[in-house]
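**Student:** how does the following fold in three dimensions:
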Amino acid sequence: MTVIPTGIAESIAWVNAHLSVWLANPAAIGLTQDDVAELAALVGTAQQRLLAAQQARAASKGATLALHAGVDDMRGFTQAQIDRIRVHARLSPNPALVYQAADIPPPAAPSPTPAPGTPFGFGIGLDQDGVIELTFKCVNPGSNGGVTYKIERSLSGQQGPYFYLKTVGERKFSDDTIPPGTGLVSYKLTAIRSTQPGSPGYFAVRFGAGNQATIVEVDKDEAA
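**Tutor:** Here you go, the predicted model:
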């Protein structure tokens, strides 16, 4: 069983520490002066090679960092030239010839932005003045930016007709224009990105005694 550490630096340090003890009286521990001298030479060589390896690793790391910096500079400058080529192509009567001469592909046509999602997960709150605060969820594919929500309302039951109420930019809205004594209000919510609407979501609110209001599910096919 070896008592010498397995790590390189640790094993060199261990031998160095024991070498100073063994040099004091080699014969007392069954060694010769030549044995200890050879060990001293070997540990010296190991130390030199460890230092060389450490220096080589440091140099390699520095060279690698310099390589990445150089490649980044090259790529950045090359991209600037490609941008200039594309500007030239846009101004050219035949952009395809410019891209062919530059041996670079023309930019891909932008993919159509997907339609926004369908509102769901409706929630309600009712304050003392009878104003209802409504919340909902909507998962919009692609970028979530630029989506507004068109709110339509029906006071004639779940089948409509629906009339425009307001457009909001958040997934919540309040309704303070419900006529007194109304028993059921239906809503149609449509998410819109630019001029592209998503599929509408439907829900209704039923009012009961004691200023109570509850969400009622609406059959989408019937409501439409």
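**Student:** in stretch 141-158, what's buried?
**Tutor:** Using 16 or more other C-beta atoms under 10 Å as the test for burial, stretch 141-158 gives 147, 149-155, 158. The C-beta positions use only the backbone N, C-alpha and C, and glycine is treated the same way.
**Student:** please apply the same query to stretch 198-208.
**Tutor:** 198, 200-205, 207.
**Student:** walk me through the domains of this protein.
**Tutor:** 8-88, 120-223 (automatic domain parsing).
**Student:** out of the ones you listed, deepest packed?
**Tutor:** domain 120-223 (a mean of 15; mean count of other C-beta atoms under 10 Å).
**Student:** gap between that one and the chain center?
**Tutor:** 32 Å (C-alpha atoms, centre = their mean, to the nearest Å).
**Student:** what mean pLDDT does it have?
**Tutor:** Regarding domain 120-223, the rounded mean pLDDT is 85.
**Student:** go on, stretch 14-24?
**Tutor:** So the average pLDDT for stretch 14-24 ends up being 90.
**Student:** residues in contact with that stretch?
**Tutor:** The contact list for stretch 14-24 (C-beta atoms under 8 Å, 6 or more residues apart in numbering) reads 4-5, 29, 31, 36, 39-40, 43, 46-47.
**Student:** how does it look with 7 Å?
**Tutor:** Contact with stretch 14-24 is made by 4-5, 29, 31, 36, 39-40, 43, as judged by C-beta atoms under 7 Å, 6 or more residues apart in numbering.
**Student:** ok, stretch 80-93 next?
**Tutor:** Contact partners of stretch 80-93, identified using C-beta under 7 Å, 6+ apart, comprise 95, 98-99, 102, 104, 107.
**Student:** same thing but 10 Å
**Tutor:** 95-102, 104, 106-107 (C-beta atoms under 10 Å, 6 or more residues apart in numbering).
**Student:** by neighbours, which of those residues wins?
**Tutor:** Val98 (19 neighbours; other C-beta atoms under 10 Å).
**Student:** how near is Gly181 to Phe207?
**Tutor:** 9 Å (C-beta to C-beta, to the nearest Å).
**Student:** can you tell me which helix in this protein is longest?
**Tutor:** helix 33-91 (DSSP state H).
**Student:** ok, which stretches of this structure are helices?
**Tutor:** Under DSSP H, the chain gives helices at 8-24, 33-91, 95-102, 220-223.
**Student:** and the residue of the chain most remote from its centre, what does it touch?
**Tutor:** The C-alpha centroid of the chain is most remote from Ala27, which lies 69.7 Å away (C-alpha atoms, centre = their mean). Contact analysis of Ala27 by C-beta under 10 Å, 6+ apart lists Gln33.
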